[in-house]
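> model this:
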Amino acid sequence: MHIFTLKKKILFFQQFASLSKSGLGLLPTLEHLQRQSLGPTLPVIINEFKVAAQQGRQLSLVFQKYESYFGKFPVALVKSGEVSGHLPENAQVIADYLEDMHKSISRLIVGLAYPLVLLHFFIIITPAAVFFTSGPMAYFTQVFTKFLFLYGSGTIIYFIYYIGKTKFKPLYDRIKLWPPVIGKLFNNLSLYKFSRGFAALYQSGLNTIESWQIAADLTDNEFLQTRLLSARGVLEQGRSVTQAFQAAGIFSEELIAMVSAGEASGNIDGMLRKAAEYLAEANQRTLQILMRLLPVLAYLIVAGIIAYNIITGYLHYWSELDKVLN
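Below you'll find the model as predicted:
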């Protein structure tokens, strides 16, 4: 199995972009990247890039071979960059996109770390009285039961997620867009990929219809992809890109207005890039909201555990008192 972490991808594309922009030739750039690469996998992949460059083949063919590791979005941007001559610029776009993703994941982990530690702490501490009144076995039974419930629930949720993603993907892709905050995050991320990919492919010289079709596949969401492909008919009828965006029915009025302004000025690819940046900023705002909501949810769970232990403790106390009195 190949090990190719997100950080390694970011570093690879950042270095590739900066070295390419410096005027260094393709082969010297690849040789430098190979020397700087860590781990057993990336140097092997870069060596395949070198062989392709020496044989005059496109690098995107090698990227496509490792699409499961690089992802559809980077591969599509590399391909369009080679066709249009904007490979260094597109490599920088990929690096920025992956870095934003890494920051989002890091914020999510940091935001949840304290509440999760607090949750585990209370699971261990709250039954402490049972240790002294009923013995170690009763205490460990209570702790184990709570952990079993916590991790069992998490396993069931992950199992449902995995089954939905693999076996019922069209339905899963539609349902994951429904939740108020998380759904918006998924939606904006998919539309960002489409807008940025469509801009790059359009700039590369591909015709509008082909660019639209390839970019629709970059969303990684079958529901949104279906809506975009249905709107492709508008382009096939010779109508404007703005009308195709409107026909898809999945874009905000602000984004459609941006596309319309770009089309009117003859700078549609530039405006599409700005639209993608707008979606990326919207994602960051949504993520900030999510970071405020998730800790609150964890605190509510902790409060529920405390309340449960207090109530059951008092019920046990009154039960024992009632036995003594009777």
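> Distance check, residue 102 against residue 244.
Distance of residue 102 to residue 244, given as Cβ to Cβ, to the nearest Å: 32 Å. (Each C-beta comes from the backbone N, C-alpha and C, glycine too.)
> Tell me which of those two has more neighbours.
The neighbour comparison of residue 102 against residue 244 (other Cβ atoms under 10 Å) goes to residue 244, with 23 against 15.
> Surely the more buried one and residue 230 touch.
No - contact status for residue 244 versus residue 230: not in contact, 10.0 Å apart, counting by Cβ atoms under 8 Å.
> Who are the contact partners of the residue most central in space within the chain?
What sits nearest the mean C-alpha location of the chain, by Cα atoms, centre = their mean, is residue 101, with 6.2 Å. Listed by Cβ atoms under 8 Å, 6 or more residues apart in numbering, the contact set of residue 101 reads residue 6.
> for the helix or strand encompassing it, which positions count as buried?
Assigned by DSSP states H and E, residue 101 belongs to helix 87-125. Buried positions in helix 87-125, judged by neighbour count with 16 or more other Cβ atoms under 10 Å: 87-101, 104, 111-112, 115-116, 119, 122-123.
> Select the longest helix from this structure.
helix 268-325 (DSSP state H).
> which secondary structure elements does that helix contact?
helix 87-125, helix 182-203, helix 253-265 (3 or more Cβ pairs under 8 Å, 6 or more residues apart in numbering; DSSP states H and E).
> Indicate which one of those is closest to residue 165.
helix 182-203 (12.1 Å; Cβ to Cβ).
> can I get the CA coordinates of the closest one in PDB?
Extracted C-alpha coordinates of helix 182-203, given in PDB (Å, rounded to 0.1, in the frame of the first residue of the first chain):
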ATOM      1  CA  ILE A 182     -22.400  20.100   7.500                       C
ATOM      2  CA  GLY A 183     -24.500  19.900   4.300                       C
ATOM      3  CA  LYS A 184     -23.500  23.400   3.300                       C
ATOM      4  CA  LEU A 185     -19.900  22.500   3.900                       C
ATOM      5  CA  PHE A 186     -20.100  19.500   1.600                       C
ATOM      6  CA  ASN A 187     -22.100  21.500  -1.000                       C
ATOM      7  CA  ASN A 188     -19.600  24.400  -1.200                       C
ATOM      8  CA  LEU A 189     -16.600  22.100  -1.400                       C
ATOM      9  CA  SER A 190     -18.100  20.200  -4.300                       C
ATOM     10  CA  LEU A 191     -19.100  23.400  -6.100                       C
ATOM     11  CA  TYR A 192     -15.600  24.800  -5.500                       C
ATOM     12  CA  LYS A 193     -14.000  21.800  -7.200                       C
ATOM     13  CA  PHE A 194     -16.400  22.300 -10.200                       C
ATOM     14  CA  SER A 195     -15.900  26.000 -10.500                       C
ATOM     15  CA  ARG A 196     -12.100  25.800 -10.200                       C
ATOM     16  CA  GLY A 197     -11.900  22.800 -12.500                       C
ATOM     17  CA  PHE A 198     -14.200  24.400 -15.100                       C
ATOM     18  CA  ALA A 199     -12.100  27.600 -15.100                       C
ATOM     19  CA  ALA A 200      -8.900  25.700 -15.600                       C
ATOM     20  CA  LEU A 201     -10.300  23.400 -18.300                       C
ATOM     21  CA  TYR A 202     -11.900  26.300 -20.100                       C
ATOM     22  CA  GLN A 203      -8.700  28.300 -20.000                       C
END
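> After it, which helix or strand is next? Please name it.
helix 208-217.
> And the contacts of that following helix?
The set of residues external to helix 208-217 that reach it, using Cβ under 8 Å, 6+ apart, is 72, 76, 193-195, 197-198, 201-202, 204, 206, 224-225, 228-229, 231-232, 235-236, 241, 244.
> What confidence value was assigned to residue 104?
On pLDDT, residue 104 comes in at 76.
> Tell me where the model's unsure across this structure.
Flagging of the chain using pLDDT under 70 yields the residue ranges 1-4, 38-39, 305, 309, 313, 317, 326.
> can you list the domains in it?
Split into domains by automatic domain parsing, the chain comes to 6-70, 82-326.
> Phi first, then psi, for residue 205.
As for residue 205, its main-chain torsions (degrees, to the nearest 10) stand at phi 110, psi 0.
> so what's it up against?
Applying Cβ under 8 Å, 6+ apart, the residues contacting residue 205 are 83, 84.
> The same query, at a cut-off of 10 Å, please.
Counting by Cβ atoms under 10 Å, 6 or more residues apart in numbering, residue 205 makes contact with 80, 83, 84, 85, 211.
> thought the first one was touching residue 201?
Spelled out, it's residue 80. Yes - look at residue 80 against residue 201 with Cβ atoms under 10 Å: they come within range, at 4.7 Å.
> and residue 148, how many residues sit next to it?
Neighbouring residues of residue 148 were enumerated by other Cβ under 10 Å; the total is 10.
> Over to residue 269?
By the criterion of other Cβ under 10 Å, residue 269 has 17 neighbours.
> could you check the distance from it over to residue 177?
From residue 269 across to residue 177, the span is 27 Å (Cβ to Cβ).
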